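> Below is the sequence, then the predicted model.
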Amino acid sequence: MIKLSEKKSLIDRFTEWLDENFGFTKTILRPAPEYSLRNPSYWLGAIAVIAFFTAGIAGIILLQYYEPHPDTAWESVSRIITEVPYGNLIRNIHIYSAFSMIFVTFLHFMRNYFVVAYRRPRELMWIVGMLMGLATLMMGFTGYLLPWYALSYAAVGFGITIIKHLPQPLSGFLEYVISGYGTDVELLRRFYAFHTVLLPAVIIILLAIKLHIFEVHGITEPLSKDIPEEEKKLIPWFPNIFLYFIILVCVYVASILTASIIYPFGIHEKYTPGVVTIPMPEWYFMWTYAIAKTEFIEVLGETGFKVFIATIVIITLIFIFLPFIDRWKDKHPSQRPFFIAIGVWITIQISLMTYLAWATAGSYIPSDTAALSIVIPTIIIFIAAYVYRLKLVKPPELVWEKFSKLKLTKPDKTSGNSRESVWAVIKFLLTTICAGLSFNIIYGSLNESLSFGWFILGLALLAFSTIESFKVIYVADLKIGNVGRRLRSFERWFGVG
C-alpha cells in the first residue's frame, strides 16, 4: 500500500505524462545552473527570441490583408486599422514586438560586452550574435517602408543615399539589390520580400547556429568567484527551465498586450510623389541620422558624408571582430575600467544623438551643440575611468550589495500542502482570466464601443489581477525560500563581488 506522503500530486503526474509522450528530458537542451534563473540578464537573448516569434505571428496575420503595391499599401493598412476585427490590436502587437526585439537585442549586446561573453571558446557565437543584431536592424529598416508613409519613404531615401556613398562596385550592387531599377513598385516589392521572407530566414538560420554553440558551451560563467555551491547545481531543462521560459513568454505577451491597448499607434500621412517630406527614421536609427545632419558634416559636403559612413562601418567591424581585438587578460569589470568606459560612452552617445535628432527635426544640428554632446561625456567618463584605475576612489556600495546584507528569516524546509498548491494554481489561472477580460474591456472602451465607466472598471480589474497574480507568486516563492536567495544574489547581477 502506498503511503499518503509518497503519493504524487496531480501536477507531478501531469508533468511525467507530458515528458513520457513528448520526451522533453531527452532533448539536446542541457540543464542550466541555478544562478542563471535568479539573474534576468541571462535571459535577454531568450526574450529577444520571444519578441521575434511574437512579431512574426502577428505579421503573418497582417499579411493576409496587406497589399504590397504603392497604390494600395497605405489603403490596406488603413483597412486593417478600421475594418479588420482586432486588426489595429494585431498591428500594434507587431510593432511593439519589433521595437522590443530591437531594444532587448541592444541590451543583450551591451550585457555580453560588459561581462566579456565573447572570450574563447565563444568567439563565433559573438560574431553570429552580431550578425543577428544587424539582421534585426534591417528587419526594422525594411518594415518601416511597408505602410508607405511619407515619413518612412523619406527615411528609406536617406538610407539609400548612405548606400550610394559606399565604394564601388559595392555601392551599385547593394543599390540594385535593395531598390532594383529605381521604381517605387520595385522598391516596395523588394522591401516586402526582404522583410517577410529573406531576413526572417537569415535570423532563423543564425539562431539555430547560435543555439547549437550555446548548447555546446553552456551559459557564460559569472564574473563573481564566490557563488554558493547550492546555486551552481544544474537545473533540468524540463520541467524547471521549460516552466521558467513559459513564465517569460506570459509576462512578455501581457506587457505587449497592455502597451498595444493603452498606447496604440496611429497612421501617418501617405507618401505622394513630388511632395518633399523631412526624413525621420525610427528611433533605433535616429542616432545615425543625427550624426549625418550635423553642420560640420554638411560643411564638408561629400567628404564629410564619406567620413560619417566610414566611421560607422569601422565601428561595426570592430565590434564584430572584438573577440580577436580584446586581449586584456582580466575579465572582471573592476579590472577593465576603460573597456567599461567605452561601453558607457557608446550608450550615452546613442541616447544623446537620438534626442538631438528628435529635438532638431527639420534642421541641422549646430556644430557647437554636437561637439559639446560628444566632448563633455567623453571627458567625464574617461577621467572617471582613469581615476578609478589609479585606485584614488573606491566605488560606492551599490543597491544590490545593500540588499544582499539584509538578514532574512530562514525559510521553512517542510514541503507545502498539496491542496494549497492546487488552490494557488487555481487562483493564478483565475487572475489570468481576469486580466484577459480587463484587456477586452479596455480595448472596447478605447474603440468607443463601451462607455468610460467600463474603461475605469477595466483598469481596476487589470490592477487587481496584476497585484493578485504577483501576490500568488510571491507567497509561493516565500514558502520555498526563493525570495531570500534572490535578495542574496542581487550582488552578482552585474558581476559585483
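Noted; the coordinates are in hand.
> Going along the chain, name the helices of the stretch 351-497 of the chain.
With helices called from DSSP state H, counting those that start in this stretch, the stretch 351-497 of the chain shows them at 367-389, 399-404, 418-446, 452-480, 482-489.
> Where among those helices is average confidence lowest?
With a mean of 40, helix 399-404 has the lowest mean pLDDT of the helices of the stretch 351-497 of the chain.
> what's the neighbour count on Val387?
By other C-beta atoms under 10 Å, 12 other residues sit near Val387. Every C-beta, even on glycine, is put in place using the N, C-alpha and C of the backbone.
> Next, the angle helix 418-446 makes with the helix or strand containing Ile246.
In the assignment (DSSP states H and E), Ile246 maps to helix 242-262. Helix 242-262 and helix 418-446 are oriented at 20 degrees to each other (axes from the mean of the first three to the mean of the last three C-alpha atoms, to 10 degrees).
> what residues does the helix or strand following helix 242-262 touch?
In the C-terminal direction, the helix or strand that comes right after helix 242-262 (DSSP H and E) is helix 286-292. Identification of contacts with helix 286-292 by C-beta atoms under 8 Å, 6 or more residues apart in numbering yields 155, 158, 162, 279-281, 297, 305, 308, 312, 349-350, 353-354, 356-358, 360, 365, 370.
> Stretch 331-341 too?
114-116, 119, 223, 326, 328, 330, 381-382, 384-386, 388-389, 395, 494-495.
> Just say helix, strand or coil for Ile227.
coil (DSSP: H, G, I helix; E, B strand; the rest coil).
> From Pro85, how far out is it?
Distance, Ile227 to Pro85, using C-beta to C-beta, to the nearest Å: 51 Å.
> re the thing from before, now which of the contacts of helix 286-292 would you call buried?
Those of the contacts of helix 286-292 that meet the buried threshold are 155, 158, 162, 279-281, 297, 305, 308, 349-350, 353-354, 356-357, 360, 365, 370, by 16 or more other C-beta atoms under 10 Å.
> Surely Ile219 is in a strand?
No - secondary structure of Ile219 (three-state DSSP): coil, not part of a strand.
> Could you find the closest non-adjacent residue to it?
Ser36 (5.2 Å; C-beta to C-beta, 6 or more residues apart in numbering).
> got a list of what the one you found touches?
Ser36 makes contacts with 42-43, 219, as judged by C-beta under 8 Å, 6+ apart.
> right, and Pro323 touches Tyr118 too?
Yes - with contact defined as C-beta atoms under 8 Å, Pro323 counts as touching Tyr118 (4.3 Å).
> Now list whatever residues contact both of the two.
Trp126.
> Give me the more crowded residue out of these two.
Taking neighbours as other C-beta under 10 Å, Pro323 and Tyr118 compare with Tyr118 leading, 23 against 19.
> Roughly how far does the more buried one sit from Arg336?
In terms of C-beta to C-beta, Tyr118 sits 13 Å off from Arg336.
> which residue sits closest to the residue nearest to the spatial centre of the chain, ignoring its sequence neighbours?
Relative to the mean C-alpha position of the chain, the nearest C-alpha, by C-alpha atoms, centre = their mean, is the one of Val104, at 1.7 Å. Counting by C-beta to C-beta, 6+ apart, Ala48 is the residue found nearest to Val104 once chain neighbours are left out, at 4.6 Å.
> Which strand or helix spans the one you found?
Here Ala48 is assigned to helix 44-63, by DSSP H and E.
> So what touches that helix?
By C-beta under 8 Å, 6+ apart, helix 44-63 touches 80, 87, 90-91, 93-94, 97-98, 100-101, 104-105, 107-108, 111, 129, 136, 196, 200, 203, 207, 245, 248-249, 252-253, 256.
> Please apply the same query to stretch 184-201.
Applying C-beta under 8 Å, 6+ apart, the contact partners of stretch 184-201 are 56, 59, 63, 68-70, 73, 135, 138-139, 142-143, 145-146, 148, 156, 177-180, 273.
> Just the buried ones from those residues?
Buried among these by 16+ other C-beta under 10 Å: 56, 59, 68, 70, 73, 135, 138-139, 142-143, 145-146, 148, 156, 178-179.
> Perfect, that will be all.
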